[in-house]
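Please find the sequence and the predicted model below.
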Amino acid sequence: MNFFVAGKMGAKNVLTPKKKEKGMPIEIQVGPPGITISQGRTFMVTDQRGEIDPQTDAGVYAIDTRFVSSYRLFINREPLVLVNSSQLSFYAARWYLTNPKISTESGDVEANTIDLTIERTVEEGIHEDFDIANYTGQQISLVLELALRSDFADIFEVRAKRLLRRGSMQTRWDERGRSLRTSYTHQDFHRAVTYQVSGTHVPVGFANGRIFFEITLEPGQEWHTCGELLLEHGQHIKKPAYGHRTPEQREEPLSEMDKLQARWLESCPQLLTPNDHVYRIYRQAIEDMGALRIYDLDVSAHAWVPAAGVPWFVTLFGRDSLIVSLQNMSVSTGFARGALKRLAQYQATERDDYRDAQPGKILHEMRSGELAHFRAIPHTPYYGTADATILYLLVLSETYRWTGDITLLRQYRRVAQGCLDWIDHYGDLDGDGFQEYQTYSPLGYENVNWKDSGDSVVYADGSQVKQPKGTCELQGYVYDAKVRMAEIFQVLGDQGRAQALLQQAETLKRNFQQVYWMEQEGCFAYGQDSHKQLITSIASNAGHCLWSGIADQDQAQRTARRLLQDDMWSGWGIRTLSSKNPAYNPYSYHLGSVWPHDNGIIAAGFKRSGLADEANQVIRAIFDAARRFEAYRLPEIFAGLKRKGKADFPALYPPGANIPQAWASGCVFQMLQTILGLRADAPHQRLYVHPTLPEWLSDLRLQHLRVGLCTFTLHFWRQGNRSRWEVLERTADQGTAQQDLIQAIDERESGSAHSQDS
């Protein structure tokens with residue numbers, strides 16, 4: 001072990017991106033066919049024109065309800081023509097539209113002579129500004145029409161494309177108030193949306209289902225108005241925070257939201273590197289994590305909960321928030337603190353088969369739409385998850401390692417004990433020491449591991465595996481959890497409990513290696529079925545066993561080699577299922593697609609097993625994919641199609657993936673942490689560093705990395721085949737003894753050194 005003190009930066013330039021070389025392939029970027037803006041639990045999904053087609057999933061959503069299901073704009077009854085559109089931020093977007101050739105009383109107006117600019121912002125409600133300019137060279141009179149419709153559909157029904165109307169709706173135009181209000185009532189369930197016109201004295205009316213503006217413009221004259229969408233749920237009204245603003249005011253920052261986002265960006269470590277692609281990927285991931293924060297679930301100014309993804313998963317999730325918390329440890333422990341608190345509040349205390357709840361279990365998903373209100377779905381909350389309860393223990397342990405805050409262990413000791421009891425009594429259905437899952441709710445999920453689609457667990461012949469079943473990664477999670485909890489109980493002074501947990505973990509590890517290992521395949525089996533027969537399919541879940549540490553060294557190396565064979569390796573990452581399996585479909589959700597977060601966990605497992613080159617291969621593939629997605633933003637999932645050369649690009653998941661998505665953003669941080677080999681031990685005032693930089697990321701600086709009460713700036717660079725590093729700056733909060741201490745493991749030979757167990 002070596003102790004290092006802070007040193008100054010040398011002459012190396014780590015700030016200037018490299019120039020593009022001549023002859024490099026054209027940069028290709030792909031993205032979703034629409035624009036989504038969101039803030040908190042309100043979001044608006046439109047096409048590129050800024051409109052909402054009622055035949056699609058687009059709409060204005062909040063509190064698991066679609067408030068607006070159709071939105072169309074017309075000029076003199078003709079649809080407008082899109083010029084261009086783009087997001088300005090996660091909560092704002094702008095559209096440039098123009099006119100087709102239209103007829104008026106004073107004559108025809110040629111195409112592309114009228115400009116309409118729309119700018120929208122989301123915060124609780126939605127505010128939109130309309131600006132029209134006349135470039136015809138003559139006076140014109142026109143009518144701008146806005147057609148709005150609402151279905152108040154539950155988000156589950158929108159996703160299932162099965163819309164049922166149960167209550168009654170009424171629409172009323174208030175001419176004096178210049179507002180259109182549509183309400184929906186079903187017994188004691190109430191929703192309503194109001195479109196309020198403001199910011200102009202131009203005549204406005206309502207007829208034939210459309211709000212219309214009668215506009216007369218002189219040559220070169222501009223016209224402005226704005227509208228607001230107010231969303232009612234029960235007695236609560238979500239109103240836009242911004243209101244009417246002049247064009248000059250619209251260029252100024254939007255106070256509260258921008259302040260919150262600015263504070264988030266300032267609090268996160270900064271990454272500086274000459275690799276411009278990596279810099280942009282990291283920066284976009286940081287911005288997206290801030291955008292996914294659900295502010296009305298904040299525990300405090302330093303403890304938050306992330307939305308799992310926009311548009312479908314803007315709510316409290318168990319598995320998602322916990323995995324995101326683990327991914328974000330080197331960036332911020334705020335998500336972990338928030339997840340630990342909110343999930344503890346809903347830890348099950350009794351058995352409820354309709355909701356798949358048992359004492360000690362951590363929830364899967366919380367919903368508050370119409371179906372949940374009337375208990376037509378069990379998401380109040382729903383506890384159908386086999387891994388969230390286990391992951392809770394991993395997050396508690398890892399948060400302690402990064403913060404050194406022993407009060408967390410005392411605060412959540414009872415919650416952790418409940419999780420351990422659930423693992424032993426409800427997670428292990430038959431008492432054989434392995435985890436199995438079985439749902440009891442008539443509306444429960446068939447699969448409740450991370451691959452929770454109904455068809456995700458298949459035999460090697462492609463047929464479906466019936467419940468109960470125990471997938472391999474669950475066993476690894478439990479092993480890791482019990483090792484970590486042994487450490488925690490030792491810290492809390494319960495030596496007997498700590499020793500018992502270690503013995504249980506070692507027994508599980510030994511039995512797992514014997515039962516789940518497939519010698520012929522050189523890989524861990526996907527799982528066990530209800531008859532305790534191995535599910536011999538090759539699936540990405542096996543890679544999670546390296547991350548958890550339940551595999552021995554030989555098994556880890558052979559599993560890594562198996563996952564990198566052509567049937568699992570797409571070139572853009574490791575597939576969820578082997579292409580040799582008859583059930584394989586590269587466009588499926590879990591039967592052949594590529595998930596960035598899945599690959600992040602697997603890469604971390606490779607590095608833990610001493611396979612740095614293999615880890616970097618996986619990370620390079622995911623980063624290559626991110627380069628080709630719009631704004632360098634990784635989607636939740638993309639197709640597992642084979643990569644076809646340098647000019648190729650990944651294919652989107654056809655039904656539409658969540659973008660932004662918390663797992664996908666968080667995997668960027670986990671992958672960089674893997675490359676740098678960062679491992680925190682704040683309770684003992686240590687930060688372990690084991691960099692294995694690839695050639696494509698040969699120089700970077702990580703500024704303001706926080707471990708416990710210390711903050712570090714570290715410089716990493718590649719010299720020949722070796723990865724080197726130095727401490728540039730070290731600061732500590734007052735009253736801490738950490739000022740003089742950083743302990744590091746510096747394995748000099750990149751790609752051949754073995755990382756330390758985490």
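Alright, I've got the coordinates.

what's the weakest-modelled helix or strand in the chain?
None of the helices or strands of the chain scores lower by mean pLDDT, DSSP states H and E than strand 2-3, at a mean of 30.

Outside of whichever helix or strand Glu266 is part of itself, list whatever touches it.
If you go by DSSP states H and E, Glu266 is part of helix 255-267. Where contact means CB atoms under 8 Å, 6 or more residues apart in numbering, the residues beyond helix 255-267 that reach it are 39, 89, 91, 123, 241, 253, 286-287, 289-291, 293, 295, 332. No exception for glycine: its C-beta is placed from N, CA and C like everyone else's.

you'd agree Thr36 is in a strand?
Yes: judged by DSSP: H, G, I helix; E, B strand; the rest coil, Thr36 forms part of a strand.

Identify the residues contacting the residue lying closest to Leu611 once chain neighbours are set aside.
Taking CB to CB, 6 or more residues apart in numbering, and ignoring the residues beside it in sequence, Leu611 has Ala560 as its nearest neighbour in space, at 5.2 Å. Listed by CB under 8 Å, 6+ apart, the contact partners of Ala560 are Gly543, Leu546, Gly605, Phe606, Ser609, Leu611, Glu614.

returning to what we had before: CA atoms only: put the helix holding Glu266 into CSV for me.
As requested, the backbone C-alpha atoms of helix 255-267 are provided in CSV (Å, rounded to 0.1, in the frame of the first residue of the first chain):
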residue,chain,number,x,y,z
SER,A,255,-35.6,30.8,-11.3
GLU,A,256,-36.4,27.9,-9.0
MET,A,257,-36.0,25.0,-11.5
ASP,A,258,-32.8,26.3,-12.9
LYS,A,259,-31.4,26.9,-9.4
LEU,A,260,-32.2,23.4,-8.4
GLN,A,261,-30.5,22.0,-11.5
ALA,A,262,-27.6,24.3,-11.2
ARG,A,263,-27.1,23.2,-7.6
TRP,A,264,-27.2,19.5,-8.7
LEU,A,265,-24.6,20.1,-11.5
GLU,A,266,-22.3,22.0,-9.2
SER,A,267,-22.5,19.3,-6.6
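
immediately after it, which helix or strand?
Per DSSP H and E, helix 255-267 leads on to strand 270-272 as the next helix or strand towards the C-terminus.

buried ones in whichever helix or strand comes after that following strand?
Per DSSP H and E, the first helix or strand lying C-terminal to strand 270-272 is helix 276-291. By neighbour count on 16 or more other CB atoms under 10 Å, the buried set for helix 276-291 is 277-291.

so the next helix or strand after helix 276-291 versus helix 276-291, what angle?
Toward the C-terminal end, the helix or strand that comes next after helix 276-291 (DSSP H and E) is helix 319-327. Between the axes of helix 319-327 and helix 276-291, defined by axes from the mean of the first three to the mean of the last three CA atoms, to 10 degrees, the angle is 130 degrees.

contacts for the helix or strand following helix 319-327?
Sequence order places helix 334-345 as the next helix or strand after helix 319-327, per DSSP H and E. Surrounding helix 334-345, the residues in contact under the criterion CB under 8 Å, 6+ apart are 289, 297-300, 302-306, 316, 318, 321-322, 324-326, 328-329, 362-363, 388, 392, 395-396, 398-399, 408, 412, 415.

what comes up buried for helix 334-345?
Gly334, Phe335, Ala336, Arg337, Gly338, Ala339, Leu340, Lys341, Arg342, Leu343, Ala344.

that older thread, in terms of pLDDT, where does the residue nearest to Leu611 sit?
Residue-level confidence at Ala560 comes out at 98, pLDDT.

quick one, strands of the stretch 101-250 of the chain?
102-104, 107-109, 114-123, 125-134, 140-149, 153-154, 168-174, 179-186, 189-198, 204-207, 210-217, 222-233, 236-238 (DSSP state E, counting those that start in this stretch).

Save the ones you listed as CSV, and put in mean neighbour count, distance to Ile535 and mean pLDDT too.
CSV is the format used below for the strands of the stretch 101-250 of the chain (neighbours: other CB atoms under 10 Å; distance: least, CB to CB, whole Å; pLDDT from 0 to 100):
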stretch, mean neighbour count, distance to Ile535, mean pLDDT
strand 102-104, 14, 63, 89
strand 107-109, 14, 66, 89
strand 114-123, 22, 44, 94
strand 125-134, 22, 47, 95
strand 140-149, 18, 47, 95
strand 153-154, 26, 35, 95
strand 168-174, 12, 48, 96
strand 179-186, 19, 44, 96
strand 189-198, 20, 42, 95
strand 204-207, 15, 60, 94
strand 210-217, 17, 57, 94
strand 222-233, 20, 44, 94
strand 236-238, 15, 46, 88
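
Reformat those into CSV and put distance to Asp598 next to each item.
Rendered in CSV, the data for these read as follows (distance: least, CB to CB, whole Å):
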stretch, distance to Asp598
strand 102-104, 52
strand 107-109, 54
strand 114-123, 30
strand 125-134, 34
strand 140-149, 39
strand 153-154, 29
strand 168-174, 42
strand 179-186, 39
strand 189-198, 37
strand 204-207, 50
strand 210-217, 46
strand 222-233, 35
strand 236-238, 35
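
Mind checking the ones you listed for the one nearest to Gly454?
Relative to Gly454, the nearest member of these by CB to CB is strand 153-154, separated by 19.5 Å.

For that closest one, which helices and strands make contact with it?
Counting by 3 or more CB pairs under 8 Å, 6 or more residues apart in numbering; DSSP states H and E, the packing neighbours recorded for strand 153-154 are strand 65-68, helix 370-373.
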